[in-house]
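Chemist: Sharing a model prediction with you, sequence too.
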Amino acid sequence: MNILNRYNQFYNDECSGLPHGMALSMEHLQSITLECAVRAFARKYNYKESIPVEDLLYLAKELMKQGERTVEKVSAEHRKVGEDAL
């Protein structure tokens, strides 16, 4: 299981336990994000205290790509709905 999958698993588990199923503020979202990243790396490195910076940057880039894919999917659906409305 790669680091992005581990992160997503922790994030989804964490958010599903929230009352609304999602973070209610940016601070809450940031807190969940940091905690999930630390948990994912702790699992990868068997709870060692040292996490290579390169791996943190890699996860940040993978999360950005994942976000871009989500935006593309949502935009495509919005365009599709817009075309259907015409």
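Modeler: Perfect, thanks for sending it.
Chemist: can you pull the buried residues of the host helix or strand of E54?
Modeler: Using DSSP states H and E, E54 maps to helix 53-85. By 16 or more other Cβ atoms under 10 Å, the buried positions in helix 53-85 come out as L59, E62, L63. Where C-beta positions appear, they are placed from N, C-alpha and C, glycine not excepted.
Chemist: count of neighbours near the closest residue to the second one other than its chain neighbours?
Modeler: Right, E62. The shortest distance from E62 to any non-neighbouring residue, by Cβ to Cβ, 6 or more residues apart in numbering, is to L4 (4.5 Å). Burial measure for L4: 16 neighbouring residues, criterion other Cβ atoms under 10 Å.
Chemist: can you redo the buried residues of helix 53-85 as JSON lines with pLDDT and distance to L29?
Modeler: Formatted as JSON lines, the buried residues of helix 53-85 follow (pLDDT from 0 to 100; distance: Cβ to Cβ, whole Å):
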{"residue": "L59", "pLDDT": "80", "distance to L29": "16"}
{"residue": "E62", "pLDDT": "84", "distance to L29": "18"}
{"residue": "L63", "pLDDT": "81", "distance to L29": "12"}
